[in-house]
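Novice: A structural model of the following input is requested.
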Amino acid sequence: MRKAISGIALALLLLGTLTLAFIAQPARAQETIYIRADGSIDPSTANITSVDMITYTFTDNNYDQIVIQRSNIVVDGDGYTLQGSGIQDSEGIDLTSRSNVTVKNTRIEGFWTAIHLDYSSSNNVTGNDIMSIGKYGICLWSSTGNSISRNNITNHAPKEDINCGIYLGDASTDNDVSGNNITASNWGGVYIDGVSSNRFFGNIFVGDGLVIGYMPQWDNVVENNLVNGKPLVYLEDASNLVVEDAGQVILVNCTDITVRNLNLSYTSVGVELWKSSNSTVTNNTITTTSMLGIFLWSSSSNNVSGNKVSNNLYYGIQLWYSSNNRLYQNNIVNNAIQALAGPSGYSNLWDDGYPSGGNYWSDYTGADMFRGAHQNETGSDGIGDTPYIIDLESEDSYPLTKPYPWASHDIGVTALTASKTVVGQGYDLSINGMLFNYGNETENFDVTVYTNATVLATLTSTTLTSRSSTTISFTWNTTGFAKGKYTTNAYAWPVPGETDAADNTKYSDVEVRVTIPGDVDGDFDVDIFDVVQITSRYGKIVPPVPPDSNADIDGNGVINIFDVVICTGHYGQKWP
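Specialist: Numbering: from 1, shown residues only. Got it, this is the predicted structure:
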């Protein structure tokens, strides 16, 4: 037995030593391999060979970045790996200022940028497997006439970092990007910014897509690409069209386009309008995108309505340099940032007026106790009583209190209040509630009010027409109720065909304390602090709103000598 224990201890010791040794290994310093302008390989020990100074072939894996200083050559990885060590801003293969270079058949991973073309032209990057951990898989900057084809690109950078599979920027033109498989790049499988006259054919995007940046860009051709197995619809200078089959939609300088009834989820940007106007985006589901649900850039007079925009990792809806757009009856749910309407000075409407309403915001916390265009008439209407604030200049004036569209059969309890939060045992308080019929049909139903597990009242045969509300009110006499804390709730019994029972139960916003008569501060004793609360309000006619109403012990609507007598009559008593 002792030997067995010794063996286990030794094994654990060795395991711990090996683990520590593994953890303690420092990141290997990145060195550089050069293919020099004269055709030589520096250092000569690199796992690359060439017999003609034209074709350079890997003979094994390489663990250093490669800087190519010679044009008109072929770099053939022959299936081997170029492995980086994860250093920020590292580059796998640097093609700066090179032309007519082919990079093929190479597995490249662990670099901030796998392949970098800067002021480069007529190069061919083809048939590579690229796994970037940083910013770009392939980056083209001020580069012209290059071919990027048949590469498999996966970006494993953390979601909080900006990264993309292929980036084209700073006036890159006349490049062909075709036949690439691009997966899970959170700022775009392909991101283009300030470029023109490029061609994108036959690329397959999974979990990402195409993103148009902020700088001007025109005359790009985007055809026969797929996003999550559906067409990537890219329209430039188009008008009077309806888009009903797509995995992603991008409109550039378009007018009068309708995008409807689509599932545009799990991409980079679901719908992007770039300098487009008078178009409609409606009844689409856009969820779990890596950037945005809906993006309008320098676009005006568009209608965005009836969409489900949820669980997107950066923004739900973003408007940038865009004005006079109307956004309403969208369900905007659990996005990292629900909406962004900047910059300052651009005005958009985030609702469709009353009674049509605005949008449903999952983080809206306002109540629904009033109705009307100014939300000052008694009665619920399914619209929040206070605006939803987007920023200092933008708000949804009529936020919906539940997702749109409302169902045919759906009732709810929209409010429940108590006239007191502290009540003397044996005295009365009022419970008031608000019921609303969200549905399209007249409904007849019962409502039961509970405190803790005790039924306080059942109201039978409440009738509500479509989109109407009513109040419920009854008196709770606390005789026979033990001293303590009580939580009150109202339950509207579901109607036939009820589609959303979650809001059939409503709990009061505050708990009620049944206590010694005269204890008005709710600490279960009667002392000088209670006397002060009563005398400081003496003579006040009180509405049924705490804390003033707590000092009206007998509930006759005025704080007077009778309340003082009740308090002093129990002075010094404590519970328990």
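Novice: contacting residues around stretch 189-197?
Specialist: 153, 164-174, 177, 182-183, 198, 200, 203, 205, 208-220, 268 (Cβ atoms under 8 Å, 6 or more residues apart in numbering). C-beta coordinates here come from the backbone N, C-alpha and C atoms, glycine included.
Novice: go again using 6 Å as the cut-off
Specialist: Residues from elsewhere that reach stretch 189-197 (Cβ atoms under 6 Å, 6 or more residues apart in numbering): 164-170, 172-174, 182, 205, 208-211, 213, 215, 217-219.
Novice: Mind giving me the ChimeraX command for buried ones among those residues?
Specialist: Buried members of these, defined by 16 or more other Cβ atoms under 10 Å, are picked up in ChimeraX with:
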select :164,165,166,167,168,169,172,173,182,205,208,209,210,211,213,217
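Novice: Filter the contacts of stretch 189-197 down to the ones in strands?
Specialist: Among those, the ones falling in strands (DSSP state E) are C164, G165, I166, Y167, L168, G169, I182, F205, L210, V211.
Novice: Measure how buried the nearest residue to the last one once chain neighbours are set aside is and give me the count.
Specialist: Okay, so that is V211. In this structure, V211 finds its nearest non-sequential neighbour in G188, 3.4 Å apart by Cβ to Cβ, 6 or more residues apart in numbering. By other Cβ atoms under 10 Å, the residues close to G188 number 28.
Novice: try N61
Specialist: Neighbours of N61 (other Cβ under 10 Å): 13.
Novice: Do I have it right that I148 meets V125?
Specialist: Yes: I148 is in contact with V125 according to Cβ atoms under 6 Å; the separation is 5.0 Å.
Novice: hey, what's V103 bridged with?
Specialist: Per DSSP bridges, the residues bridged to V103 are V75, V125.
Novice: And S99, by the same measure?
Specialist: The partner residues for S99, given DSSP bridges, come to S121.
Novice: Model confidence for it, exactly?
Specialist: With respect to pLDDT, S99 scores 98.
Novice: again, but for G86
Specialist: 83.
Novice: In three-state terms, label the nearest residue to N100 once chain neighbours are set aside for me.
Specialist: Closest residue in space to N100, ignoring its immediate chain neighbours: N72 at 4.6 Å, by Cβ to Cβ, 6+ apart. Using DSSP: H, G, I helix; E, B strand; the rest coil, the structure places N72 in coil.
Novice: so N72 sits right up against R98, yeah?
Specialist: No: judged on Cβ under 6 Å, N72 makes no contact with R98 at a distance of 8.9 Å.
Novice: okay, these two: which has more neighbours?
Specialist: Per other Cβ under 10 Å, whichever of N72 and R98 has more neighbours is R98, with 25 against 12.
Novice: The more buried one against S71, yeah?
Specialist: Yes: under the criterion of Cβ under 6 Å, R98 makes contact with S71 at 5.1 Å.
Novice: shared neighbours of those two, anything?
Specialist: Joint contacts of R98 and S71 (Cβ under 6 Å, 6+ apart) do not exist.
Novice: In contact with the residue nearest in space to the middle of the chain, which residues?
Specialist: The centre of the chain sits closest to N335, judged by Cα atoms, centre = their mean, with a distance of 1.4 Å. Residues near N335 by Cβ under 6 Å, 6+ apart: N312, G316.
Novice: how close does it sit to T288?
Specialist: According to Cβ to Cβ, to the nearest Å, N335 stands 10 Å off from T288.
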